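Novice: Sequence and predicted structure are below.
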Amino acid sequence: MSDTEPGGGTTTLDRELEKLLNDEQLDEGDHERFSHYVPKDKIVESAVTGKPVRALCGKLWTPGRDPQRFPVCPTCKEIYEKLKD
């Protein structure tokens, strides 16, 4: 098996590895990002389908970064605390 696909591209494994490595680097603006609260089943569904999810605060996005690298969204946290009570 060749290290490249026909046409000179990299293999799927190479592209996935590159994506993982790039995801570990902070992009410009990351300091303004938050981790948001979303039901776990919606996160799993998004991982499978690629569909965006809606956080408790209303933000709509497709998850793709390690949430432990960012602070928790204060609005999501406030809503979550109210829901727990």
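Specialist: All right, it came through fine. No experiment lies behind these values; they were computed from the predicted model shown. Numbers count the residues shown, from 1 in each chain.
Novice: Do a quick rundown of the helices in this structure.
Specialist: Ranges of helices in the chain, per DSSP state H, are 12-23, 40-49, 74-84.
Novice: looking at those, which one has the lowest mean pLDDT?
Specialist: Least confidently modelled of the helices of the chain is helix 12-23, at a mean of 52 by mean pLDDT.
Novice: Around the closest residue to Lys77 other than its chain neighbours, count how many other residues there are.
Specialist: In this structure, Lys77 finds its nearest non-sequential neighbour in Tyr37, 7.2 Å apart by Cβ to Cβ, 6 or more residues apart in numbering. Every residue, glycine included, has its C-beta placed from N, CA and C. Using other Cβ atoms under 10 Å, Tyr37 has 17 neighbouring residues.
Novice: And Glu45, by the same measure?
Specialist: Close neighbours of Glu45, defined as other Cβ under 10 Å, add up to 13.
Novice: Next, work out how far apart the residue nearest to Lys77 and Glu45 are.
Specialist: With the distance defined as Cβ to Cβ, to the nearest Å, Tyr37 ends up 16 Å from Glu45.
Novice: same thing with Leu56?
Specialist: 16 Å.
Novice: I'd say Tyr37 and Glu78 touch.
Specialist: No - checked against Cβ atoms under 8 Å, the pair Tyr37 and Glu78 is beyond contact range at 10.1 Å.
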